[in-house]
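**Q** sharing a model prediction with you, sequence too.
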Amino acid sequence: MKVDGPRPIDNLRTHRARSAGASPGGFAPETAEPRAAGAVSSSVSITSVDALIALQEVPSAVTGRAKGVRRGRDMLDLLDEVRDGLLSGCVSRATLQRLLMLVNVKREEFVDPGLQSVLDDIELRARVELAKLNFAGAN
């Protein structure tokens, strides 16, 4: 049995055209009725676009972690200011209020009970110091 390599494409094309009753010039008019266009499936493209938009709205783990790290550093800086103020005897009311605001921002997102406990302690200390400042200012 002899196996030949692939036949040239031009030979196949002219052979098929002649067998279908084409004219010698190689052109055969289409006699079949045109096919009806199928229904356009636009839901697939809309769904994929919606998925892309939804992915853009979801914060990535890296950005969320970076924001958390920045927020933690800001909170530590404010705690350092409060510590320095307590040691020097004059704590800034604005620093305590900023610390309270930072502690309460997106607090419900934390599910770690240890972290919740630390935030509770920081909030309690800031409120106590603010109350002491208010009491001292009233006298």
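**A** Nice, I can see it.
**Q** rounded mean pLDDT for the host helix or strand of Arg127, please.
**A** Assigned by DSSP states H and E, Arg127 belongs to helix 113-138. Mean per-residue pLDDT for helix 113-138: 89.
**Q** which parts of that helix are buried?
**A** In terms of neighbour count (16 or more other C-beta atoms under 10 Å), helix 113-138 has its buried residues at 119, 122, 125-126, 129-130. (Glycine included, C-beta is placed from N, CA and C.)
**Q** please apply the same query to stretch 72-80.
**A** 75, 78-79.
**Q** restricted to helices, list those.
**A** Those of the buried residues of stretch 72-80 mapping onto helices are 75, 78-79, per DSSP state H.
**Q** need the residues you listed in a markdown table (columns: pLDDT and distance to Gly85).
**A** Below are those laid out as a markdown table (pLDDT from 0 to 100; distance: C-beta to C-beta, whole Å):
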| residue | pLDDT | distance to Gly85 |
| --- | --- | --- |
| Met75 | 89 | 15 |
| Leu78 | 92 | 10 |
| Leu79 | 92 | 11 |
